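# Here's a sequence, model it:
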Amino acid sequence: MTTERKITVLLVDDHALVREGVREILSLEPDMVVVAEAADSEQAVERVAEHKPDIVLLDVEIPGRHATDTVARIRTVSPRSRIIVLSMYDGPQLLRRLVDAGIRGYLLKSVDSRELVAAVRGVHQNPDRMVMAISRESLSQMQDTTEKALTQKEIAILRMVAQALSNSQIASRLDMAEATVKRHLHSVFVKLGAVSRIDAVNKAVAASLISARPEDTPARPATGRGRR
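Here you go, the predicted model:
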């Protein structure tokens, strides 16, 4: 008599109580098993590399790297693993970036246990399937995010803004004219719907476009000729 192989799942969330709840839900399914858990992005990549799970349930707000970076690293160490993101936030910018990074599902944490189980099973059974449980508004706004997505240069500038650097300091670091920095920032404000530098940073952090940790953008070593 043969036994069907179970769907292996790896849980990634920094809240132990959340992991316990999801593990309990999945344990009730005869075709699913949780093989490992992780509490931050580094652990997630390590555990995925070790266990090569069928499904990774990834909280978008875990400590460590940006969610998009974590997704990319997971796909590198285990290309066959399919990633379903769980989040309290469904902003279109974040959704677009995660979809582009290669996730196979995006669920708001307000979903019930049946929706979660159905998503895991559906994504596992069909490698081309994309499962989403998000607001209708965010789904419609995703149509526009390709045009409105921030460029790598804009993100780099925004990270420096988060470090409280002035336009002239940013221009010096990126070897560009200060007017060019201002032009990029204007574009950032328009795309994010921001009204100030602080507002732009807050919205970018909320959408996981940049990290809230300033050390993510290392400063250049001092040359002894610092500008004043």
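# Next, the contact list for the residue nearest the centre of the chain, please.
Nearest to the mean C-alpha position of the chain, by C-alpha atoms, centre = their mean, lies Ala67 at 2.3 Å. Ala67 makes contacts with 58, 60-61, 85, 94, 98, 208, as judged by C-beta atoms under 8 Å, 6 or more residues apart in numbering. The C-beta positions use only the backbone N, C-alpha and C, and glycine is treated the same way.
# try 6 Å
Ala67 makes contact with 60, 208, according to C-beta atoms under 6 Å, 6 or more residues apart in numbering.
# so what's it scoring on pLDDT?
pLDDT recorded at Ala67 is 87.
# do the same with Glu147
For Glu147, pLDDT reads 45.
# And Arg225, by the same measure?
For Arg225, the pLDDT comes out at 40.
# cool, and Thr217?
43.
# and Asp128, how many residues sit next to it?
Neighbour count of Asp128, defined by other C-beta atoms under 10 Å: 6.
# Tell me if I'm right that Ile170 and Val181 touch.
Yes: contact criterion C-beta atoms under 6 Å: Ile170 and Val181 qualify, at 5.0 Å.
# Do a quick rundown of the strands in this protein.
Under the criterion DSSP state E, the chain contains strands at 7-12, 32-38, 55-59, 82-87, 105-108, 131-133.
# Setting aside sequence neighbours, what's the nearest residue to Val71?
Leaving out its chain neighbours, the residue that sits closest to Val71 by C-beta to C-beta, 6 or more residues apart in numbering is Ala101, at 4.2 Å.
# wait, the one you found sits on Arg73?
No: Ala101 sits out of contact with Arg73 when judged by C-beta under 6 Å, with a separation of 9.9 Å.
# worst-scoring helix or strand of the protein, pLDDT-wise?
helix 145-148 (a mean of 51; mean pLDDT, DSSP states H and E).
# Where among the strands of the chain is average confidence lowest?
Among the strands of the chain, strand 131-133 carries the lowest mean pLDDT (a mean of 77).
# related to what we said a few turns ago, which of the strands of the chain sits most buried?
With neighbours defined as mean count of other C-beta atoms under 10 Å, the strands of the chain peak in mean count at strand 55-59, which reaches a mean of 26.
# what is the orientation angle of it with strand 32-38?
50 degrees (axes from the mean of the first three to the mean of the last three C-alpha atoms, to 10 degrees).
# For strand 55-59, which helices and strands make contact with it?
Secondary-structure packing of strand 55-59 (3 or more C-beta pairs under 6 Å, 6 or more residues apart in numbering; DSSP states H and E): strand 7-12, strand 82-87.
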